[in-house]
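Novice: need coordinates for the following:
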Amino acid sequence: MLVGKQAPEFTANAVVNGVIESNFSLEQYKGNKYVVLFFYPKDFTFVCPTELIGFQNALPEFEKRDTVVVGCSTDSEFCHWAWVNTPRNQGGIQGVTYPLVADINKEVAAAYDVLAEEGDKVAYRGLFLIDKDGIVRHSLVNDMPLGRSIDEAIRIVDALQHFEEHGEVCPLGWHKGDKAMTASHEGVAAYLSE
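Specialist: Residues are numbered from 1 along each chain as shown. The predicted model follows:
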């Protein structure tokens, strides 16, 4: 489990805004951005494009929250580049601008403990929220056929930022603007009595 620990560092090739970049690292965001790092099994598949396009559509919401989105799979940067440049009506994800990390050696997926040991040995649908200090604050891993909720990823960013700003904890189903509570018996009692 990585929650509460420093996010594993890596340097890899990536496709960023349609361009192949070498030596991509999360280190560039440390100290100034939150990071939602998500893993997906493979390019040119079926559930994956719904998620990648969904993250692209939600990018303005993440940006409002000072959060960058980074995708990662065990495909090569050339495969990522081809997928980003393939029209959506032909199975591509044209228009995706956030970084897609190429983990062809499977080292990044292994470091984040989302690498499937059986079959194709590709990444499960892992998602990690990393704070500005580089600490993993949230993780979620879905099996390959189970798409994730981008709304939930945004909610978790909101909850972390609320806690950091106000020192209040966020109860079950909390959304931005909802009442939170102090982390005490009295705080819980006051919250539950309403």
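
Novice: check contacts around residue 112.
Specialist: 2, 8, 37, 39, 126, 128 (C-beta atoms under 8 Å, 6 or more residues apart in numbering). Every C-beta, even on glycine, is put in place using the N, C-alpha and C of the backbone.

Novice: in helices only, show me these.
Specialist: In helices, judged by DSSP state H, none of these are found.

Novice: can you redo the residues you listed as a markdown table with pLDDT, neighbour count and distance to residue 17?
Specialist: Below are the contacts of residue 112 laid out as a markdown table (pLDDT from 0 to 100; neighbours: other C-beta atoms under 10 Å; distance: C-beta to C-beta, whole Å):
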| residue | pLDDT | neighbour count | distance to residue 17 |
| --- | --- | --- | --- |
| 2 | 97 | 19 | 28 |
| 8 | 97 | 17 | 25 |
| 37 | 98 | 24 | 17 |
| 39 | 98 | 25 | 20 |
| 126 | 97 | 21 | 23 |
| 128 | 98 | 23 | 22 |
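
Novice: can you list those in TSV and add distance to residue 102?
Specialist: Below are the contacts of residue 112 laid out as TSV (distance: C-beta to C-beta, whole Å):
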residue	distance to residue 102
2	21
8	16
37	14
39	12
126	16
128	18
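
Novice: now the strands for this structure?
Specialist: Using DSSP state E, the strands of the chain run over residues 12-16, 19-24, 34-39, 67-73, 100-102, 125-130, 136-142.

Novice: partners of the third one in the sheet?
Specialist: This means strand 34-39. strand 67-73 (parallel), strand 125-130 (antiparallel) (DSSP bridges).

Novice: so which of those strands gets nearest residue 155?
Specialist: Minimum separation from residue 155 across these (C-beta to C-beta) falls at strand 125-130, 10.6 Å.

Novice: what sits up against the closest one?
Specialist: The contact list for strand 125-130 (C-beta under 8 Å, 6+ apart) reads 2, 7, 26, 34-41, 51, 109, 112-114, 136-144, 146-148, 153, 156-157, 160.

Novice: same thing with stretch 3-12?
Specialist: 2, 23-27, 35, 37, 101-103, 107-108, 111-112, 128, 130, 134-139.

Novice: buried only: go through these for me.
Specialist: With burial judged by 16 or more other C-beta atoms under 10 Å, the buried subset of those is 2, 24, 26, 35, 37, 101-103, 108, 112, 128, 130, 134, 136-139.

Novice: before we move on, the earlier item: can I get the strands paired with strand 34-39 in a markdown table with distance to residue 87?
Specialist: A markdown table is the format used below for the strands paired with strand 34-39 (distance: least, C-beta to C-beta, whole Å):
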| stretch | distance to residue 87 |
| --- | --- |
| strand 67-73 | 19 |
| strand 125-130 | 24 |
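
Novice: quick one, which of those strands is nearest to residue 46?
Specialist: Closest approach to residue 46 among the strands paired with strand 34-39 is made by strand 125-130 (12.6 Å; C-beta to C-beta).

Novice: check contacts around residue 137.
Specialist: Taking C-beta under 8 Å, 6+ apart as the test, what residue 137 contacts is 3, 4, 129, 130, 131, 160.
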